[in-house]
Structures are given as structure tokens and as C-alpha cells.
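In: No letters, just coordinates:
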């Protein structure tokens, strides 16, 4: 069984895609696994350079996507800021056809789906791009599928985001704590002219996903849209535990040169065990004018974005109108994101929320090998030490489909294997 891994991203110098990848590689993400994934991408015109650089006298990791002459410079904002491009003399090993047309969300989603990586890494990458596309769509007043990714650079943002997702998956991170993002001030030049800092896409991502921003005295952009989207997609908590130990540290360097060193520090931490309550948030709203299809879609969206549980309860409202009570359970860091989904995809105009203390049994997942395949078992330990085991529904269902057996047959064979459950329920 794997212990939960908690990642703390210290964004005192902002965050960008390349800084995130560099910090995660320095933290121990497997470079070989990352390169295998990037080599499988149906995208051309780039190569990846991973090296060590000095930032404020500190030895940090640097992740650099080197683009050929037909593509934008990696640090597009600095290119426009200074009014010129930067040429590269590096040799390139990618021989695929150029990918200039891959600048809209559907094409990018297709690239990610056709890249060889784990399903969890793929889901993270798709979620990051969905957040980024929604923010850019709002900024430019267009539909999400019409967003043109020239602002974040199509090729380098695909590489940065895919690489970040692969590294997070490779580190097996389950919790990500991001208390806030430090941002600069002033203005920056881009293809649309002079924009204020934070740029509109970053503002939209922060607003739509509950990210906390702190404006510093630095004149310049510390938080890029790609960096903000990564933070929004992976953050599960806003606050560090009161006491924790640091298991490992990684530092990633950025390309910007400001008075504040461009460093993103990533730490794998472990909360020090204390006897205190376990809290979760409950969101509730009454809905009386949504179709069944809409409610089903909302439930799917909420689960995809990290909700611990989602349920509908039939109720009668005032004037004896039949309706549904939507109840969502989630961690604190997901409240804003899930509220935004409920407001956007239902007709409700208000959400009730409450912080609740809960009692949770210790649990772990075990794999049981049956004659024709494996299933996962949830093992729960009661306060008196009694152990209960429950087969996980998804793995039982998958095995039933694979072997053309009924779920009951699978469960009967499991029980005969000696791994008897307390009550035979499938979780």
C-alpha cells in the first residue's frame, strides 16, 4: 500500500510551466519516464534540455523547451517585452511534421490523448488545458473551442503541461498544498498590445478556481497563465498543516530575470500526527428546474474535479414543487472550484456550505489475485481493531466485463478465496 504523498508548492517567486517541471524533476520525478512520454508526442519542432543552473547562488534544476525556428521562443512574454526574438543554434532531433495548426483546444486534446502516458497523467494534463482554455475564452470573449493558444505558445505549453502532469503522476502525489501565488505588477507587452499584470488569463484562472494571489513590489510577470492553470488543476488544499516534516525538497529555476530570484520550491511533506478532527465541507443547493440529463452531467463534472461524494435527494420545496437537493462533499481547497461548476452548469442562484468534522476509519487498498484476474479490496480497521474488507466496484466490474462473468460470480469466487468480507458489499 502507498502512503498518501503531500506536495507543497512554495510560489514566493510565482509559478510557470517550466519552473514546475524543473522543481518536480529536482524532487525526484523520473527523467527517463518523462523523456519517453515526450518522445511519443505527435508534435514536432522541439527538444528538451534538463540541466543545473545557479539562481542567487543556489543550485537549481532548469527545464528548457528548445523550439526550432518555425516556432515561438519559449519565453514568449519576454520576447514581446523586449521587442525581439532570440535565436537558437541547437540541433533538433524531432523529425515529425510541424504542428503549427495545433493551436485550439480540440487539437491539443487529441495530441494528449495520442501520447503514450498513464491515464492519471493524461487526466491531469487535460484538466490543466481545460482550465487554461476557459480562462483564455473568457478573456477574449470567445467559445472554449475557439481559443487560439498563440498567447501561451502552442508547442511549448503542450510540452510544459504534459511534462508537469507526467512528473506529478510519477511522484505519486495525492495532495497538493498551495497557500498562494506571489505575482508582480505593472504591464507587459504581448501580441494584443500592453496588458496589465496579472494578465487577464491569470486573473480569470484565480477567480474561477479560488487561487489566492499576493501582489509583490516586483515590476514584471511572475505568474504565467500556464503556471496558474497547473496550480488550479492540482491544488487540493490552501493551508499547510500546523506541524510537518520535510521528506524531500526540489527547486526549479525560471527564465525571468527580476530582482527576486526566479525559483519555485517543491517539498514532499508529512503532517506530524496529532489527535485533531478531520474536516470536510458540505455544499448544498435545491434545484427545481434542471433536466435529468443536466443533473447527470453536473454530477460527472463534480466527480471529475475532485468531489469526494455527490448525491441528489428528492425534496418538495415551497408551493409544493418537486425538486432535488444536490449535496457535495469536498476538501476545503476544492470549494471554490466546485461552487463555480454548480453555478455555471445548473440554474441555482445560491449554495449553502458548512464545515463538518467527521470520523473516518483507517483504510488501505489491497490487491487480491483471483484465477482470472486481479481486483482491489478496501481494507477498513474499526477502533476496536476489527478488520472489514470490501471489494472495489470498479475493479470488480472491469473484471466481469473482461471475463464475461457476472459480478456475483466474481464476488463468490473472491469469498471462496478466503478473503471474506464482513457483509459482502461492493464499495
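Out: Ah, there it is. Since we're looking at a predicted model, the values are computed, not measured.

In: From here on, just use CA atoms for contacts and neighbour counts.
Out: Noted.

In: any weak-confidence spans in the stretch 251-400 of the chain?
Out: Scanning the stretch 251-400 of the chain for pLDDT under 70 picks out the ranges 273-277.

In: Kindly recompute the last result at 90.
Out: 254-262, 270-279, 288-292, 317-321, 333, 357-400 (pLDDT under 90).

In: Please name every helix or strand in contact with the longest helix anywhere in the chain.
Out: Counting residues, the longest helix in the chain under DSSP state H turns out to be helix 119-140. Judged by 3 or more Cα pairs under 8 Å, 6 or more residues apart in numbering; DSSP states H and E, the packing partners of helix 119-140 are helix 105-113, helix 154-170, helix 200-209, helix 225-234.

In: For residue 125, find the nearest of the ones you listed.
Out: Ranking the helices and strands packed on helix 119-140 by proximity to residue 125 (Cα to Cα) places helix 154-170 first, at 5.4 Å.

In: Show me how far the following helix or strand past that closest one is from its chain's centre.
Out: Note on helix 154-170: by DSSP states H and E, the next helix or strand toward the C-terminus is strand 175-177. The chain centre lies 10 Å from the centre of strand 175-177; the measure is Cα atoms, centre = their mean, to the nearest Å.

In: quick one: contacts of strand 175-177?
Out: 4-9, 234-240 (Cα atoms under 8 Å, 6 or more residues apart in numbering).

In: hmm, back to that, how about the helices and strands packed on helix 119-140 in JSON lines, adding mean neighbour count and distance to residue 260?
Out: Listed next are the helices and strands packed on helix 119-140 as JSON lines, based on neighbours: other Cα atoms under 10 Å; distance: least, Cα to Cα, whole Å:
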{"stretch": "helix 105-113", "mean neighbour count": "17", "distance to residue 260": "34"}
{"stretch": "helix 154-170", "mean neighbour count": "25", "distance to residue 260": "23"}
{"stretch": "helix 200-209", "mean neighbour count": "22", "distance to residue 260": "20"}
{"stretch": "helix 225-234", "mean neighbour count": "26", "distance to residue 260": "17"}
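
In: between the ones you listed, which gets nearest to residue 184?
Out: helix 200-209 (11.8 Å).

In: Can you give the strand pairings for the helix or strand following the closest one, parallel or anti for each?
Out: Following helix 200-209 in sequence order, the next helix or strand is strand 213-219 (DSSP H and E). Applying DSSP bridges, strand 213-219 is found paired with strand 181-185 (parallel).

In: next SSE after the strand it pairs with?
Out: Next along the chain from strand 181-185, counting by DSSP H and E, comes strand 187-190.

In: now that next one: mean pLDDT?
Out: Strand 187-190 carries an average pLDDT of 82.

In: Could you measure from the residue in the chain sticking out farthest from the centre over to residue 288?
Out: The C-alpha centroid of the chain is most remote from residue 319, which lies 42.6 Å away (Cα atoms, centre = their mean). Counting by Cα to Cα, to the nearest Å, the gap from residue 319 to residue 288 is 12 Å.

In: now swap in residue 25 and tell me
Out: Taking Cα to Cα, one finds residue 25 at 49 Å from residue 288.

In: And stretch 188-200, what's buried?
Out: Residues 188, 189, 190, 197, 198, 199, 200 are the ones in stretch 188-200 that count as buried (16 or more other Cα atoms under 10 Å).

In: Over to stretch 336-352?
Out: Those would be 337, 338, 339, 341, 342, 346, for stretch 336-352 by 16+ other Cα under 10 Å.

In: of the helices and strands packed on helix 119-140, which approaches residue 38 most closely?
Out: helix 154-170 (7.2 Å).

In: The closest one: how far from the chain's middle?
Out: The answer for helix 154-170 is 11 Å, by Cα atoms, centre = their mean.

In: tell me the angle of it relative to helix 119-140?
Out: 140 degrees (axes from the mean of the first three to the mean of the last three Cα atoms, to 10 degrees).

In: If you average the pLDDT over helix 154-170, what comes out?
Out: Rounded mean pLDDT across helix 154-170 is 92.

In: got a list of contacts for that helix?
Out: Contacts for helix 154-170 (Cα under 8 Å, 6+ apart): 17-18, 20-21, 24-25, 29-30, 34, 37-38, 43, 45-46, 65, 67, 71, 74, 99-100, 102-103, 108, 112, 117-118, 120-122, 124-125, 128-129, 226, 230.

In: out of those, which are buried?
Out: By 16+ other Cα under 10 Å, these give 17-18, 20-21, 24-25, 29, 34, 37-38, 43, 45-46, 65, 67, 71, 74, 102-103, 108, 112, 117, 121-122, 124-125, 128-129, 226, 230 as buried.

In: Please identify which of the helices and strands packed on helix 119-140 is closest to residue 356.
Out: helix 200-209 (21.7 Å).

In: Which strands and helices lie in contact with that closest one?
Out: helix 119-140, helix 225-234, helix 335-345.

In: Dump those helices to CSV, plus distance to residue 204.
Out: What follows is the helices and strands packed on helix 200-209, written out as CSV (distance: least, Cα to Cα, whole Å):
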stretch, distance to residue 204
helix 119-140, 5
helix 225-234, 9
helix 335-345, 12
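
In: so how far is stretch 399-418 from its chain's centroid?
Out: 34 Å.

In: so how far is residue 376 from residue 396?
Out: 8 Å.

In: Equivalent analysis for residue 160, please.
Out: 33 Å.

In: try residue 32
Out: In terms of Cα to Cα, residue 32 sits 29 Å off from residue 376.

In: next one: residue 327
Out: Taking Cα to Cα, one finds residue 327 at 27 Å from residue 376.

In: same question, residue 185
Out: Residue 185 is 50 Å from residue 376, by Cα to Cα.

In: now do residue 332
Out: Taken as Cα to Cα, the span from residue 332 to residue 376 is 28 Å.

In: likewise residue 22?
Out: 34 Å.

In: Look at those two and report which has more neighbours.
Out: More crowded of residue 22 and residue 376, by other Cα atoms under 10 Å: residue 22, with 32 against 17.

In: Report all helices and strands that the helix or strand harbouring that one contacts.
Out: Secondary structure from DSSP H and E places residue 22 in helix 17-27. Under the contact criterion of 3+ Cα pairs under 8 Å, 6+ apart, helix 17-27 touches strand 58-67, helix 154-170, helix 225-234, strand 244-253, strand 263-271.
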